[in-house]
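1. Sequence and predicted structure, then a few things I'm wondering about:
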Amino acid sequence: MNKKYYELIIKKLIFLIYAAAIFLSCDQYSLEELVDGPDGKALSISPVSTTLQVLDSVKIETSGGIPPYSYAVAGGGIFTGNTYTAPAAPGTAVITVEDSVNSSIKGVYTIIDSTVPVIPSGNIDYYISTPPAGGVGISTGSPVSAGFIVSNQGSDDGTVGVIWQAYISSDVLYDSGDTPVDSGMFGGLLSGGNSGLITIDNGNWNAEGTWYLVIRLQCTEEVNTTNNIRSSSPYFISDLSGIDYVVSNVSRTFPTVSGGSSVSETFTITNIGGEDGAMDITWTAYASLNTVPDAGEEIGSGIITGGLDIGASMTGITAVGTWPEASGNYYLIIKSFSNDEVNQGDYAYNPQTTQVASPPDYTIESPVFTAMTAGGNINETLLSAAGGTSPGFSIRNLTANPGIQTINWKIYKSADTAVGTGDTVVASGSLAPLAGNTVSGPLSFNDTLPGSRGAHYYIIQISSPDDSDFTNNTLVSPLTYYWSVNGNSESDTNEDDNSLSTADDFFIRLNPGDTVNIQGLVDTSTSNDLFLVRTGPSTGRLNIALTWATGANDLDFYIYQSLPTVINSSTLNTFNSEPTVPPLAINVNPNSSYLIQVRATPSSNLGAPYTLTVEGLLP
C-alpha cells in the first residue's frame, strides 16, 4: 500500500471521530441525520441554474441537510430572506447555500441585459390561465395566501424553466412601484399542459385599501411575452371594525370618447368592514387630469340606498355623467361616501386614461325617395315601386373631428311627420364612426306596402353618443301613397266634394302598363269628384277616358298639375263619354302628381254611375 492510501484512511478516520464527537455531545441528530439531514435527504436547492434578467428576483427553494440555512452570493445581487435579486449588470452569479453543519451546495445563475432581445425557438406561449381570486374581509397584517395556474398555450413543449414573481399592487398593472412578495420557478410545460396550483405564501397585507396581486412570468424560450402579466381580482383589506366602503373595478371600455358625450363606464362598491351598513352611500364621478379627485372635476353622481351588508358588493354600477368638453387625457375617478363608515372618502380610478376629443356632428344627406314620391301599389315593395331603385340615404360628418362611437340608424313608418309610440321600425342598422369631413356610403332599405290603400311617411333617424348636435338627425320622406291598379275597379263613395279645395277621393300611382277604373256617381253641377294620380319613374303619358250611360251630356273632366291651373281638359258637348274615342292622351312627367276632376254639367242625371279610366304609358 502506498502513502496516499494511508493518508485517505487517516482522513476518513478523522471525519468519523469528528462526527462521533458531535453525535455524543448532542442528542438532536443521529449519525445518519448528520450526513443526510433530518429528512434523510442531502442538501439541495432549486433552481440549481437559470437565466435572469438584470434586477429580476427569484425565490431559492432549499431542502435537505440540517437547517437553518445561510446564503451567500458571488458575482453581485442581494438576498432578502431566501429571495435572490439579480444585480443591475449582466454576468454570472454563484449562489452558495450552507446548512448548520457546514454542508454546502452551489447554484449558478446567468444574468442577462433586459435590453438584449432573446430570440425564442419554437411556439411556446405561457399564460396565467387562472389568476388569484381576490378576497373580502381580510384584516391588515394577515399573511398573503393565494394561488394561480399557468398554462402553455403554444403548440410546442417547453424545455426551459419558467420564473414567476408575485407583487402587491394598488392597481391591475405591473410597474416599478409594486411590492414583491413571493417568487419561484417551475420546469417547462408540455403543449396544452398546466403547472397545477402554484401557491403564494409569503408576505403580509400591511395596509388598508383595495389591493391586487400581479403575477409576472419570464422564460427565455417563450415566443409570446405580451400575455405574461396578469392581475388578480381585488383584495379588500381593512381592520374589520365598523363599516368601510371601497371602490374597485373602474372600467375603461372606451379608450377614446368625444367631449360632451355620455360616460359609459361601470364600477363596484364593496363593504370590507366588520358591520352591516345602514345609511345611503353617495358616489361621485370625476374626470381628472391626475389621479386625485378635486373640486370642479365632478361629472356625475348617484346614491346606493340603505348601504351594503358585510362583504356585500354592488357591481356594474353605471358611472352616470358627461365627459368634459375640453380635449385631454382624463382619469375616471369614483369616490364614495357614507355617514356611517369609519374610513370616509375612499376613491379608485382606472390606471389608464381616457382620451377626450372634440366631437363630430352627424347629419343625413342624399336621400333617395323615388318610391315615396311616386307611391306604389298595395302589397308592393318600395324597391319595385321605384323601378328597381332602392330608397336610401347617407350620413355625413360635418366637422373635421373624427367620430369615436358607433352610429346607429332606424327607419320608422308613421302616419305623421313625428315618431310616435305606434310607429313601426321597418329597418335599422349601424356603422363605424366617420372620420372628419367624410360621408358614408349609401345606406339602403326596403319595405312592403300595406294590403289596403292609404298613405304614410318614412322617418329616418340617426344617433351616436358622441354626436354634438342632435337637431339634424331626423329626415322625413314625402307622403307615400299606395293603391290597387291593373283593371281593378274602385267605387267612389265620397259625394261631398263641393270645391277644388277638398281632399281627393282616391290617390293612384301608375307605371307604364298600369290601368285603373274608378266608378263614381253623377253629382250636382256644384259638386266635384277629385282624384290624385302620381306617375311612376318611367311613366311619360296618361290616357284618360270618362264614360257614362245616361244618353246626355252629363260630365266633363279637367287635369291639373297644381290647383287651380288647368293643363288639359275634355269638355266637349258629347253624350256618354269624354272625350270622344280615342281617349285623351296627355304628356306627363315621371314621379309627378296630377289631379283629375270629374265635374257634372247642369243637365246631370243625379245618381247615374260613371267610370273614369286612367292608363299609364311610356313617353
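-> Looks like it came in fine.
2. Give me the residue ranges of the stretch 151-300 of the chain where confidence is low.
-> 240 (pLDDT under 70).
3. so which helix or strand takes in residue 383?
-> helix 382-385 (DSSP states H and E).
4. Return the set of buried residues in the helix or strand just after that helix.
-> Proceeding N to C from helix 382-385, the next assigned helix or strand is strand 392-397, under DSSP H and E. For strand 392-397, burial by neighbour count (16 or more other Cβ atoms under 10 Å) applies to 392-393, 395-397. Using the backbone N, CA and C atoms, a C-beta is placed for each residue, glycine as well.
5. for strand 392-397, packing partners?
-> strand 362-368, strand 443-444 (3 or more Cβ pairs under 8 Å, 6 or more residues apart in numbering; DSSP states H and E).
6. And the pLDDT for the nearest residue to residue 299 once chain neighbours are set aside?
-> In space, and not counting its chain neighbours, residue 299 is closest to residue 321: 3.8 Å by Cβ to Cβ, 6 or more residues apart in numbering. At residue 321, the predicted lDDT confidence score is 91.
7. Just give me the neighbour total for residue 321.
-> Residues lying near residue 321 (other Cβ atoms under 10 Å) number 20.
8. Please work out which residues outside the helix holding residue 383 touch it.
-> The contact list for helix 382-385 (Cβ atoms under 8 Å, 6 or more residues apart in numbering) reads 371-372, 374-377, 389-391, 445-449, 482, 509, 536.
9. Which of those residues are buried? Put it as a ChimeraX command.
-> Under the burial definition 16+ other Cβ under 10 Å, those of these that qualify are selected in ChimeraX by:
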select :371,372,374,375,376,377,389,390,391,445,446,447,449,482,509,536
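10. dump the residue contacts of the residue minimising distance to the centre of the chain.
-> Centroid check for the chain by Cα atoms, centre = their mean gives residue 253 as the closest residue, at 6.7 Å. Neighbouring residues of residue 253 by Cβ under 8 Å, 6+ apart: 264-266.
11. Return the members of these classed as buried.
-> 264-265.
12. and which of the contacts of residue 253 is nearest to residue 232?
-> Checking the contacts of residue 253 against residue 232 by Cβ to Cβ gives residue 266 as the nearest, at 19.1 Å.
13. Give me the distance between that closest one and residue 249.
-> According to Cβ to Cβ, to the nearest Å, residue 266 stands 7 Å off from residue 249.
14. ok, now residue 404?
-> From residue 404 to residue 249 the distance is 23 Å (Cβ to Cβ).
15. again, but for residue 51
-> 37 Å.
16. What of residue 123?
-> Residue 123 is 34 Å from residue 249, by Cβ to Cβ.
17. Backbone dihedrals for residue 370, please?
-> phi -50, psi -50 (degrees, to the nearest 10).
18. That one: what's its closest spatial neighbour, skipping adjacent residues?
-> Per Cβ to Cβ, 6+ apart, closest to residue 370 is residue 386, 3.9 Å.
19. Quick check, the one you found in contact with residue 537.
-> Yes - counting by Cβ atoms under 8 Å, residue 386 does reach residue 537; the two are 6.0 Å apart.
20. which ones are touching the residue nearest to residue 299?
-> So residue 321 contacts 262-263, 285, 287, 299-301 (Cβ under 8 Å, 6+ apart).
21. how many neighbours does residue 296 have?
-> Residue 296 has 7 nearby residues by other Cβ under 10 Å.
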